[in-house]
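Enquirer: Can you look at this prediction? I've put the sequence above it.
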Amino acid sequence: MRFVTQIGEWFDRRLQLAAPIREVAEHPVPRNTASWWYVFGSAALTVFLLQLVTGILLALIYVPSAGEAWSSLQALNHDITLGWFIRALHGWGSNFMVAIVLIHMVQVFLFGAYKFPRELTWIVGVFLLLMTLGMAFSGQVLRFDQDAYWGLGIGASIASRVPIAGPAIVKLMLGGPIIAGATLSRFFALHVFVIPGMLIGFVAIHLLMVVKLGINEWPMPGRVVKRATYVNEYHELTKKDGAPFVPYAIWKDLFFAALVLLAVAACAAYFGPFGPTGRPDPTVIQTAPKPDYFFLWMYGLLSYLPPSMETPALLIGPVVVIAFLVLLPFLSGEGEKSWRRRPIAVLTVLLIAIILGTLTHLAGYTPWSPHMNAWSGDPVPEQFLHGTTALERQGALVFQAKQCRNCHSLGDLGGQRGPALDSVAVRLTQDQLIRQVIQGGGNMPAYGKNLNPAETTALVAFLETLHPRTQAPARDAARDMALGEEQDRRQDSQR
Amino acid sequence: MPNGNNISRRGLLMKLGILFNGLVAIALAVPIVRFLLSSVTRGRASAYLSWVPLGRVSEFPEGETRLATFRNPYVTPTDGKTVDTACWVRRVDGEQFQVFAVNCAHLGCPVRWFPQSGLFMCPCHGGAYYRDGSRASGPPERGLFEYPHKVENGLITIQAGELPTPGPSAVLLGEKPPCAS
């Protein structure tokens, strides 16, 4: 034991790090910050370290070449001992890291920790979030499969919309005219060198500021932050009611970090690695590309934005959001910290969470997309054919053959792009049905050129039968009346 | 630093040292930036575009739309399968053709042709196009991208080489495709 101490002393005479480390470890923190709410920052750091280690392990096998990346992932999954587990750890670690960074951010926001004097800690944190998302996206590209290939196409399509510089940005992003070898190589450089390097630097600055400025005290309603007095008040607080960070607060960080690592490992072991999906072969177009979980909300948003708003929203939206996050500590650098006195802050978080959650949920089953597997092979549900005439049955055939069910469901089977047609006859009259089929409109293509008059007549005859037994089909009262009068006149003239 | 306007010898040498480093930095920055932007500058004079054959006219039945594949003219050694590209070839009649990119004009996902309903449909965000490539419904702001093509000696060739994207770069040959809305 004495020998170990001697070695330690030998090193410390040269490094002189023991004293500053002890000082950092034992710096006093307000007692009530030793809370389970304060563990997310250290958990994010822990998962980041796991990503560094598993990332290096994957790099031992992975080949960043468009021709071989996919095969090397297959080798990791199937040939290399526990390669699948390391891939799974890295993939699940990525999801956990994004989730924990987001939770950390929400906690910091609700606890008012971004206010004076911790503005810069927050701003650096915003960039850490962006880098984490950058890592998640570039990592998805390195899993070079169909989703990655077409995901890059989506990225290029968005980038191309930048005025004037668009085409240049696309070529810079792809490293050439198309998504190919150079594209994967530069995303590899980003994912493995550029962004992690920046992340390490920014994490260091972030932590340094946490230590220098002190951890945010537990917000009390009524304890208002004022630039003139805050620093003194904080020192008073840590003097009067403080405790050394080690071991008073750190044990919760340690427990939570271990719990998170265990959760990542459990998910990795149980669910396994993500993909790769099909080989990145652009000639195989039978694919419905989807982004990873944390980008699904964007995928949903992009299908709901009206076409005219899309380009401005794509290009201006992110700038506005980032600018708002960066400017936040300057917009409300003083005042109440407690969420109990900041209803707008709480409602904002809830609103954003609901929007992102809803869009993510919708992107899980993409109701806006036609079902690409044609429904023409499926039977028409029996109840829609009972007591129908030959013409109406002919219409049911047209309905199936022309793939109406790619977008419209019948008896809960079919696409959700358009409305369900189980009771369409209640909503639309015969004339309206004909018009809708032939001219389209309201986001439905026009089928006028693709249906001959006989098919249209049969189809509309079938659609007119689609109403619940207890509800009469819609009819055009004015037309009835006009036709009725005409009949009357005809009868009159006959007399 | 000494008082007044005097500059000390050490101070001057330090400033000269900084200036010297600045000059070297600029000298190095020029080739670095040129290297970084090479994929952009190379493409400026349409160097990526060339005419590539798709097949014999007889391979495409009149009035039908078929998937064809071609190898991208610009290839690097690590590209693998990614240089193989698909496109939709519609033979209107005789030697009249339309060649569409598979990339949706919304965000580039691969559109599929459905002959029964006569529509191209996109699996991503629900874009749909008529048989002539014009926009039918969904989020795209325009019709499908068309490759410039020509028919010579019974062979159909298209001008290709760049990923079609909805921004200005999508306008192949600098003119709007006829299907653009």
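Expert: Ah, there it is.
Enquirer: top strand in chain B by residue count?
Expert: strand B:84-93 (DSSP state E).
Enquirer: could you check the angle strand B:84-93 makes with the next helix or strand after that strand?
Expert: Where DSSP states H and E defines the elements, the next helix or strand beyond strand B:84-93 is strand B:96-101. Angle, strand B:96-101 to strand B:84-93, by axes from the mean of the first three to the mean of the last three CA atoms, to 10 degrees: 150 degrees.
Enquirer: How far off centre is whatever helix or strand comes next after strand B:96-101?
Expert: The helix or strand immediately downstream of strand B:96-101 is strand B:112-114, counting by DSSP H and E. Between the centre of strand B:112-114 and the centre of its chain there are 22 Å (CA atoms, centre = their mean, to the nearest Å).
Enquirer: quick one: strands adjacent to strand B:112-114?
Expert: Sheet pairing here is set by DSSP bridges, and for strand B:112-114 it gives strand B:119-121 (antiparallel).
Enquirer: buried residues in the longest strand of chain B?
Expert: Residues of strand B:84-93 classed as buried: B:85-91 (neighbour count, 16 or more other CB atoms under 10 Å in any protein chain shown). Using the backbone N, CA and C atoms, a C-beta is placed for each residue, glycine as well.
Enquirer: Quick one: list the elements packing against that strand.
Expert: The helices and strands touching strand B:84-93, judged by 3 or more CB pairs under 8 Å, 6 or more residues apart in numbering or on different chains; DSSP states H and E, are strand B:65-71, strand B:96-101, strand B:155-160.
Enquirer: mind checking how far the helix or strand hosting A:Ala461 is from the chain centre?
Expert: Assigned by DSSP H and E, A:Ala461 belongs to helix A:453-464. Relative to the centre of its chain, helix A:453-464 is centred 42 Å away, using CA atoms, centre = their mean.
Enquirer: Just give me the longest helix of chain B.
Expert: helix B:9-36 (DSSP state H).
Enquirer: Only the buried residues of the helix or strand following that one, if you could.
Expert: Counting by DSSP H and E, the next helix or strand C-terminal to helix B:9-36 is helix B:38-42. Under the neighbour-count criterion of 16+ other CB under 10 Å, helix B:38-42 has B:39-40 buried.
Enquirer: Packing partners of helix B:38-42?
Expert: Contacts defined by 3+ CB pairs under 8 Å, 6+ apart place helix B:38-42 against helix A:166-174.
Enquirer: how about the residues of the stretch 101-250 of chain A near chain B?
Expert: The stretch 101-250 of chain A comes close to chain B at residues A:149-150, A:153-154, A:156-162, A:164, A:166-168, A:170-172, A:174-185, as judged by CB under 8 Å from any CB of the partner chain.
Enquirer: Could you single out the nearest of the buried residues of strand B:84-93 to A:Leu397?
Expert: B:Arg90 (26.4 Å; CB to CB).
Enquirer: mind checking how far the closest one is from B:Ile158?
Expert: From B:Arg90 across to B:Ile158, the span is 12 Å (CB to CB, to the nearest Å).
Enquirer: Then A:Phe3?
Expert: Applying CB to CB to A:Phe3 and B:Ile158 gives a distance of 77 Å.
Enquirer: quick one on the thing from earlier: tell me which other helices or strands the helix holding A:Ala461 touches.
Expert: For helix A:453-464, the packing partners by 3+ CB pairs under 8 Å, 6+ apart are helix A:390-401, helix A:424-427, helix A:430-439.
Enquirer: Between helix A:390-401 and the last one, find me the angle.
Expert: Angle between the axes of helix A:430-439 and helix A:390-401 is 30 degrees (criterion: the same axes, to 10 degrees).
Enquirer: for helix A:430-439, which positions count as buried?
Expert: Buried residues in helix A:430-439, counting neighbours by 16+ other CB under 10 Å, are found at A:430, A:433-438.
Enquirer: try the second one
Expert: Judged by neighbour count using 16+ other CB under 10 Å, the buried positions of helix A:424-427 are A:424-425.
Enquirer: Over to stretch A:346-360?
Expert: A:349, A:356, A:359-360.
Enquirer: same thing with stretch A:106-114?
Expert: So, applying 16+ other CB under 10 Å, buried residues of stretch A:106-114: A:107-114.
Enquirer: Make JSON lines out of those residues and add pLDDT and secondary structure.
Expert: Output for the buried residues of stretch A:106-114, formatted as JSON lines (pLDDT from 0 to 100; DSSP: H, G, I helix; E, B strand; the rest coil):
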{"residue": "A:Gln107", "pLDDT": "96", "secondary structure": "helix"}
{"residue": "A:Val108", "pLDDT": "96", "secondary structure": "helix"}
{"residue": "A:Phe109", "pLDDT": "97", "secondary structure": "helix"}
{"residue": "A:Leu110", "pLDDT": "96", "secondary structure": "helix"}
{"residue": "A:Phe111", "pLDDT": "96", "secondary structure": "coil"}
{"residue": "A:Gly112", "pLDDT": "95", "secondary structure": "coil"}
{"residue": "A:Ala113", "pLDDT": "95", "secondary structure": "coil"}
{"residue": "A:Tyr114", "pLDDT": "96", "secondary structure": "coil"}
